[in-house]
Structures are given as C-alpha cells and as structure tokens.
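Chemist: please find the sequence and the predicted model below.
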Amino acid sequence: MCGRNTTSTMSIAEANRQYFDSITDTYDAKPWWAKVNQKVTESLQARLDWAGIPWANVGSGGDREVRQLDYACGPGLMSRIYGPYVTVTRGVDLSPNMVAKYNARARAANLDQSTIHAVVADLFDKEKPTQLESAEWKDFDLATVGFAFHHFEDVDHAAKCLKERLRPGGVMVISDFLQGGDLKADENGNPIPGTEGDHTGHIHHHHHHHHNDHGQKDKGHHNHHKHSNDKEGDATELTEKTIKEMQSSIVVPHFSIDGVRKILSEAGFVDVEVVAMDEKVYMEFAGNKVWRTILFAKGRRPFDEKSEL
C-alpha cells in the first residue's frame, strides 16, 4: 500500500495545499494561459494513439468504458483534454478550494457526479486513512498528472503509487517542464536567441492549467466541462507571502527526458516514452517573461502485474 513515510514529505504536501488554496480565485486571470493550454490540449489530443489505450467514442469503441484518474487535478485541464474519449473521470487534489472549483464547473456544465467528480485526498500519505480504498478508485485505464510532478517530494514513490491505481495494461500520462528548455523573452514577449537554459528557478509558475473551449464536438461525457488549471494566476501581482508559499511547494522546477524515463522505468512502468512538445510556450511569472518547453511522458503498467491494492 502506498503512503507517505517522512515528516518532510508531509510538510511539502501541506505547503502545496496552502499555496493552491490561496490562489484558486486568480488562476485563470491572464490570456497567455489560454494559449498555453490550447497548445497542450491540441498536442495531447493529437497523440491519442501514442497513449496506447483503447478509447471510448473512437473507432469501434463507442460502448467501451474507459476510466481516468486525474491526480493533482486542479480544476482539471487533463480531465478536459481526455474527457471526450473516456466515460468516467475521478479527480484528486490536496487543495479543497481547487476540488470545489473542479466540481462546481462540472456541475455547471450539467455533468453528473457519477461521470466526473473530484475529492480532496493524498494518495501518497499513509499516516492518515483516505476515502480512496473502494473499487471506484482502482483499476483505472488512464492516470494523468498535469504539471504537478515538480511538486512531489518523492517522485519515485509517487510514480509507484499511481501505477498501483491502474489496471494491468493501464497507462499513465504526465506533462511537465523540460530541463534546459527555456528561452528568455524580451519586454514584448519575443524569444531572445542564444538564451537557452533554465530561467525559472524556484520562483516558478506551477501550470495547473486553464483553458478555452476549442470547438470540440460532442464526443464524450464532459467535452464542455470548462475547468481551468492555471493555478498560479498572474505572478507579477503575487504578494511576498504567496511567492514564499509557491517556493515552498515546488521541489524541482523541471525534469530531463532521461530523468523522467528513469523515474517511470524504476517505478515498474513499461513501454515508457518521453517526448518534448513541438512548440515552446510563452509564460510570465514573478515579473519574468520566458518561453518554456513542455514534455509529455507515458508508461504502461505491465499486463501481467497483479494489483497490490
């Protein structure tokens, strides 16, 4: 059974909860977030075959049940991205305010709780029992983690715990930021050639997504569920207290492709692939303007592996 086993890990979890609770109402304030999330949405939806699982509402899969676990869901970009292609989505987040926003938006979109719903919980915490021991929270076809691995105290432990929530053959898909993939931007937001590197440090905008509806047709159960996961909002307006909370909640600001491949492989995933998104995305944080590179990774729970839950 997965759970946290160190005091320091618990403090990181609490820092995450406090920080994301504090910025829930400002996460979707800036239009550049819409552009980031549009690119992420389009990139992942164009990679459905890459994910490597049978989808609902695709080809001959019209009657197929496909279940998604969206961990560290925020208000749910990853839920929205895969919503047209799954039949059930369950979200989990440490932040009660984020979970409330996620559920409110689902209900506002007339989506039933049995179809999509989020709860407050920490799958990595064994010091406190959670409500996630029932069959509802096991054997998922898909687990997603959108721009949250850099907040996890122990990414190896996190990957193993999330693998346990998948059915044999199920797949985890994550997004995060690529180490060395930044470009500085000038005052007009244009990329500055020759400035490749890492330009975020720990004053970092945690991209827990916001989005626009990009003209998707009614393909699935929550196609028009407009959750917004840009949790940080406008960093130029952050208070000193909020910046400190942000810094406390981030463990690493980015990952290398080889590093993510190693994390997933050592957690027991197979068919591991890590790719960089084709286009950089423009972001602003703590008064800085930067173009960042997003990475996507996937790994499959072996078909012959028995569940430990």
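Modeler: Right, received. Where do you want to start?

Chemist: the lengthiest strand in the chain pairs with which strands, and in what direction?
Modeler: The longest strand of the chain (DSSP state E) is strand 166-177. Pairing partners of strand 166-177, with direction, according to DSSP bridges: strand 140-146 (parallel), strand 294-300 (antiparallel).

Chemist: so which of the ones you listed is the most packed in?
Modeler: For these, ranked by mean neighbour count under the definition mean count of other C-beta atoms under 10 Å, the leader is strand 140-146 at a mean of 26. C-beta here means a position set from N, CA and C on the backbone, and glycine is covered the same way.

Chemist: my guess is Lys101 meets Pro75, correct?
Modeler: Yes - Lys101 is in contact with Pro75 according to C-beta atoms under 8 Å; the separation is 4.5 Å.

Chemist: these two - which one has more neighbours?
Modeler: Counted by other C-beta atoms under 10 Å, Lys101 and Pro75 do not tie: Pro75 has more neighbours, with 34 against 24.

Chemist: that one reaches Asn97, doesn't it?
Modeler: No - Pro75 lies out of contact with Asn97 (C-beta under 8 Å); the separation is 9.7 Å.

Chemist: in this protein, which spans are helices?
Modeler: Read by DSSP state H, the chain holds these helices, from start to end of the chain: 7-22, 31-45, 48-51, 77-82, 96-108, 155-164, 240-249, 257-266.

Chemist: weakest of the ones you listed in terms of mean pLDDT?
Modeler: Comparing mean pLDDT across those, the lowest value falls on helix 240-249: a mean of 41.

Chemist: count of neighbours near Cys161?
Modeler: By the other C-beta under 10 Å criterion, the neighbourhood of Cys161 contains 25 residues.

Chemist: okay, now the unreliable bits of the stretch 151-300 of the chain?
Modeler: Counting by pLDDT under 70, the low-confidence segments of the stretch 151-300 of the chain come to 201-254.

Chemist: export the strands paired with strand 166-177 to JSON lines and tack on distance to Met172?
Modeler: Compiled in JSON lines, those are given as follows (distance: least, C-beta to C-beta, whole Å):
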{"stretch": "strand 140-146", "distance to Met172": "4"}
{"stretch": "strand 294-300", "distance to Met172": "5"}
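
Chemist: for those strands, which one sits closest to Lys160?
Modeler: Between Lys160 and these, the shortest gap by C-beta to C-beta is with strand 294-300, which sits at 11.1 Å.

Chemist: got the angle for the closest one vs helix 257-266?
Modeler: The directions of strand 294-300 and helix 257-266 differ by 20 degrees, with axes from the mean of the first three to the mean of the last three C-alpha atoms, to 10 degrees as the criterion.

Chemist: quick one: contacts of strand 294-300?
Modeler: The contact list for strand 294-300, computed with C-beta atoms under 8 Å, 6 or more residues apart in numbering, reads 39-40, 43-44, 47, 50-52, 159, 163, 169-178, 181, 255, 257, 260-261, 264-265, 267, 269-277, 281.

Chemist: and those, which are buried?
Modeler: Under a neighbour-count criterion of 16 or more other C-beta atoms under 10 Å, the subset of the contacts of strand 294-300 counted as buried comprises 39-40, 43-44, 47, 51-52, 159, 163, 169-178, 181, 255, 257, 260-261, 264, 267, 269, 272-274, 277, 281.

Chemist: re the thing from before, nearest to Asn190, out of the strands paired with strand 166-177?
Modeler: Closest to Asn190 of the strands paired with strand 166-177, according to C-beta to C-beta: strand 294-300, at 19.3 Å.

Chemist: and the angle for the closest one with helix 155-164?
Modeler: Counting by the same axes, to 10 degrees, strand 294-300 lies at 50 degrees to helix 155-164.

Chemist: tell me what angle strand 294-300 forms with helix 31-45.
Modeler: 30 degrees.

Chemist: quick thing: my sequence starts at 11, can you match it?
Modeler: Fine by me, first position is 11 from now on; the one you just mentioned is strand 304-310.

Chemist: export strand 304-310 to CSV, keeping only CA atoms.
Modeler: Extracted C-alpha coordinates of strand 304-310, given in CSV (Å, rounded to 0.1, in the frame of the first residue of the first chain):
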residue,chain,number,x,y,z
ILE,A,304,6.8,21.1,-22.2
LEU,A,305,7.5,17.4,-22.0
PHE,A,306,5.0,14.6,-22.2
ALA,A,307,5.6,11.1,-20.8
LYS,A,308,3.8,7.9,-20.7
GLY,A,309,4.3,4.5,-19.1
ARG,A,310,2.2,1.3,-19.0
